[in-house]
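**Q** how would this look folded up:
(2 chains)
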Amino acid sequence: MVSELTIAERKFSLAVLAFLAVCGLAMAVAGNGDLLGAHGFIVLAASLGLVLLVGTRYYDPEPSEKRLLQYYDDPTKAGIVLAMVWAVIGMFFGVWVAALLAWPELTFVDSAWASFGRIRPVHTSGVIFGFGGNALIATSFHVLQRTSRARLPDQFSPWFVLIGYNLFCVVAASGYLMGVTQSKEYAEPEWYADIWLVIVWVVYFLIYIRTLQRRKEPHIYVANWYYMAFILVVAVLHIVNNLALPVSLGSAKSYSLFSGVQDAMVQWWYGHNAVAFFLTAGFLGMMYYYLPKRADRPIFSYRLSIISFWGITFLYMWAGSHHLHYTALPQWVQTLGMTFSVVLLVPSWASAGNALATLNGAWYKVRDDATLRFMMVAAVFYGISTFEGSFMAIRAVNSLSHYTDWTVGHVHAGALGWVAMITFGSFYALVPWMWRQERMYSPKLIEVHFWLALAGTVVYVFAMWNSGIIQGLMWRTYNDSGTLAYSFIDSLVAMHPYYIARTLGGALFLAGAVVCAYNIAMTIRMARLTAAPAGEVEDIPVASPVGAAPLQAGE
Amino acid sequence: MPRFHRKLERSAIGFVLAIIGVSAIGGLVEIAPLFTIHETVEEAPDMRVYTPLELAGRNIYIREGCYACHSQMIRTLRDEVERYGPFSLAVESQYDRPMLWGSKRTGPDLARVGGKYSDAWHVAHLFNPRDVVPQSVMPRYGWLQRNELRVNDLGRHLAAHRALGAPYTEEMITNAAQDAYAQANPDSPNAGDVSQRYGAATNVRAFDGDASRLTEMDALVAYLQVLGRLTDAARTTATSRAE
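**A** Below you'll find the predicted structure:
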């Protein structure tokens, strides 16, 4: 990592790390007696550790000029590894919290950090931001370079983004365990972590735009539209939703600029579009590159790509208020949210259909190749869960589904079936390219992972559909004398078998992720052992266009 | 359209601006009017602010992630009103930063839990939920009873709320720590000041059953006991509708 930096970049990174260390020290001092202080020490330790890393390699020989003729893939490789580490951590916590709902004593007695409310956000942030975010950063660097036929602008900024982003994730997760949270769903980290993420994100955007400006392809490929929408809109959402006033500069606690009903609307405008632009747009970018590449088929339709991209970008932003049906939010906003959510089905199915139609003529590959099958199943689950989402946004349906496990099932149909599957598929395609191997260490283990993941998802989703609908019905059932038939605790008792089934489904999915991590680790080991830079000649920026070609051919 | 788009695709900056423009519309149309349309939040002259102790309790509720399983928003549906009480009004969470309406009910809604159970029930329930509700899957919160409540920065918390628009007076801010102690110790000489500053209906009790110590349990129970009790607006709306 350090040996690839030029001397100027090494100096600059030392300066940045020194600044970060000072920030950490200031947090530790100002936050004396507050949890902010603990985070100060984490920041300080991280930056000093990195100073040591850069310092010890400082006098290594500079990289040769020849590097500029090649793509810069090391940050992508590191991102893949980090994503898999977070996947295992995040999913482990997921299985743990699932088990706690079936067996509440399955924790360290009387340990605050290990109670459900504190470890649940470690699960959600771990899988969304840790696993998903690292996967997006890693693949976006790869796709951006290949489809632009340009190298990343420099060696420092990709590492800044990757490491800075992971520092954010560590501060977030450790904060939850200590009790630092804003309570905003999927935006729990406090004000200082939020500010840091903005800085990281701006650098991420600059990498993107600087590389695109130097592209040797006239057109910007569709995958990059999605990655750009992901970067831009997430920035806007993140900044607005997290506007807050810290209690003091020495306190981890802050109070939201918005309150009550306005805050509810802002939070769900953020929450739903975090799903749209983090968990959908970014991963559609992944799909639009790796699926046609792996299938070796052009994208089915250029027009459908355009319609679905702008449809998603425009319509999703209206849909957040469907999380607030029948609440104190004015009804006109609820109605707008419902309407746009239903219309949203059009661009969503346009994307899913475009992906599946791309496989026409390659279905025999789907049968034989588990990697491509991961991507195909992801597209199917994308179609299923967007249909379900539009359906659940209808006010009458929502009156039953809201507050129940049905919502949880819906989210996991999308998160396991779509987001995780497309990521695994993309990784299985990408890892051999990155480490210059003909294939993954074990194709058989990919097959094993595929069936574990599919079985886990199906068990999980069916358990939650059942429990959610039963819950919703029990809450609204009246007996003959016109009073409510069930107490709340009756409905909870009825959930027990489903909570066990859900834990089992999650455990299967986690087992699959562990198999994947092992397979990737062994592929990397295989690459170390062979250590012959064989296929290097084919994959350089001046070679024939890679990603853009399928689109042109498919018009 | 493809011809126009073909041009747009050739400009990175153009594409960036187009994404920002197209994505901004929905949020602007739905969010901005909520700040300008007056009827969005009802008038409730009797609405009071949280006392320092209740606010500290609310922050513990947030810290422990209670909102992940408990909603605080009763919807305008017959079964919800009959199960939990009058449906929630916007004004009731006017001073809630952030709001805690929630999105999932693994446990019941808490919007009107204030006054429904005794303090002793809450303490026992938080200590081990299965002692009072055998089938419960809620975690135990034994450490709340052990942890002394941190009060030294409560004044700053109130000041932050005032900066954002909550009507805390200078007197409330200066006496925040003292009021927190007094609210959980009815025999202290300052107990009267709490009712005087925050209203006669304010609960002044040894919430955790031990007036000699101010614990996190005191704060959380004080908060739970005031949920749905900051204003009578929801109850009067319900009564006037019934008539």
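
**Q** Point me to the residue of the stretch 201-350 of chain A nearest chain B.
**A** With CB to the nearest CB as the measure, residue A:317 is the residue of the stretch 201-350 of chain A nearest to chain B, at 3.2 Å. For glycine as for every other residue, the C-beta is placed from the backbone atoms N, C-alpha and C.

**Q** residues contacting that residue?
**A** A:233, A:269, A:273, A:276, B:23-27 (CB atoms under 8 Å, 6 or more residues apart in numbering or on different chains).

**Q** Any figure for the gap between the residue in chain B positioned nearest to chain A and residue A:516?
**A** Checking chain B residue by residue against chain A with CB to the nearest CB singles out residue B:65 as nearest, at 2.6 Å. When CB to CB, to the nearest Å is the yardstick, residue B:65 and residue A:516 sit 29 Å from each other.

**Q** of those two, who's got more company?
**A** Between residue B:65 and residue A:516, residue A:516 has the larger neighbour count (other CB atoms under 10 Å in any protein chain shown), namely 28 against 22.

**Q** ok, which stretches of the chain are strands?
**A** Defaulting to chain A. For chain A, the strands identified by DSSP state E occupy A:244-246, A:254-256, in order along the chain.

**Q** just to revisit the earlier point, neighbours of the nearest residue to the residue of the stretch 201-350 of chain A closest to chain B once chain neighbours are set aside, how many?
**A** When the adjacent residues along the chain are set aside, residue A:317 lies closest to residue B:26, with 3.2 Å between them (CB to CB, 6 or more residues apart in numbering or on different chains). Residues near residue B:26, counting by other CB under 10 Å, number 23.

**Q** so residue A:404 sits right up against residue A:471, yeah?
**A** Yes - using CB atoms under 8 Å, residue A:404 and residue A:471 qualify as a contacting pair, with a distance of 4.4 Å.

**Q** give me the element the one residue sitting closest to the centre of chain B is part of.
**A** Against the mean C-alpha coordinate of chain B, by CA atoms, centre = their mean, the closest residue is residue B:96 at 5.1 Å. Residue B:96 is part of no helix or strand when elements are defined by DSSP states H and E.

**Q** So which other helices or strands are in contact with the lengthiest helix in chain B?
**A** Scanning chain B for the helix with the most residues, using DSSP state H, yields helix B:12-36. Identification of packing neighbours for helix B:12-36 by 3 or more CB pairs under 8 Å, 6 or more residues apart in numbering or on different chains; DSSP states H and E yields helix A:191-213, helix A:222-241, helix A:260-276, helix A:302-315, helix A:331-343, helix B:2-8.

**Q** so where's the chain shaky on pLDDT?
**A** By default, I'm working from chain A. Within chain A, the set of residues satisfying pLDDT under 70 comprises A:531-555.

**Q** my bad, the chain I had in mind was chain B
**A** By pLDDT under 70, the low-scoring segments of chain B are B:1, B:243.

**Q** redo that, cut-off 50
**A** Along chain B, segments meeting pLDDT under 50 are nowhere present.

**Q** any idea how far the closest residue to residue A:285 other than its chain neighbours is from residue B:47?
**A** Nearest-residue entry for residue A:285: residue A:226, 3.5 Å, with adjacent residues in sequence omitted and distances by CB to CB, 6+ apart. Taken as CB to CB, the spacing of residue A:226 relative to residue B:47 amounts to 45 Å.

**Q** repeat for residue A:201
**A** Using CB to CB, residue A:201 is found at 38 Å from residue B:47.

**Q** just residue B:242 next, same as before
**A** Note on residue B:242: its distance to residue B:47, by CB to CB, is 22 Å.

**Q** before we move on, what about residue B:182?
**A** When CB to CB is applied, the distance between residue B:182 and residue B:47 equals 23 Å.

**Q** Looking at those two, which is more packed in?
**A** Taking neighbours as other CB under 10 Å, residue B:182 and residue B:47 compare with residue B:182 leading, 24 against 18.

**Q** circling back: pipe the strands of chain A into a markdown table and attach distance to chain B and mean neighbour count per row.
**A** Formatted as a markdown table, the entries for the strands of chain A read as follows, by distance: least, CB to the nearest CB, whole Å; neighbours: other CB atoms under 10 Å in any protein chain shown:
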| stretch | distance to chain B | mean neighbour count |
| --- | --- | --- |
| strand A:244-246 | 5 | 18 |
| strand A:254-256 | 4 | 22 |
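
**Q** Just give the closest residue to residue A:125, not the sequence neighbours.
**A** Across the structure, with CB to CB, 6+ apart as the measure, the residue nearest residue A:125 apart from its sequence neighbours is residue A:172 (5.2 Å).

**Q** Any idea how many residues pack against the one you found?
**A** Residues near residue A:172, counting by other CB under 10 Å, number 25.

**Q** Is it correct that it is in contact with residue A:129?
**A** Yes - look at residue A:172 against residue A:129 with CB under 8 Å: they come within range, at 7.0 Å.

**Q** which residues of chain B fall in helices?
**A** With helices called from DSSP H, chain B shows them at B:2-8, B:12-36, B:52-63, B:78-84, B:119-127, B:129-132, B:143-146, B:154-163, B:170-174, B:176-183, B:191-198, B:216-226, B:233-242.

**Q** can I get those in CSV with distance to residue A:333?
**A** Shown next, in CSV, are the helices of chain B (distance: least, CB to CB, whole Å):
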stretch, distance to residue A:333
helix B:2-8, 31
helix B:12-36, 5
helix B:52-63, 25
helix B:78-84, 20
helix B:119-127, 35
helix B:129-132, 36
helix B:143-146, 37
helix B:154-163, 26
helix B:170-174, 34
helix B:176-183, 36
helix B:191-198, 33
helix B:216-226, 28
helix B:233-242, 20
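
**Q** for those, which one ends up most surrounded?
**A** Counting by mean count of other CB atoms under 10 Å in any protein chain shown, helix B:216-226 has the highest mean neighbour count of those, with a mean of 27.

**Q** one step back: figure out which of the helices of chain B is closest to residue A:102.
**A** With respect to residue A:102, and counting by CB to CB, the nearest of the helices of chain B is helix B:129-132 at 14.0 Å.

**Q** near chain A, anything from the closest one?
**A** Yes - where contact is defined by CB under 8 Å from any CB of the partner chain, part of helix B:129-132 touches chain A, namely B:129-130.

**Q** Residues touching that helix, excluding its own?
**A** Contacts with helix B:129-132, where a contact means CB under 8 Å, 6+ apart, come from A:104, B:121, B:124-125, B:136, B:138-140.
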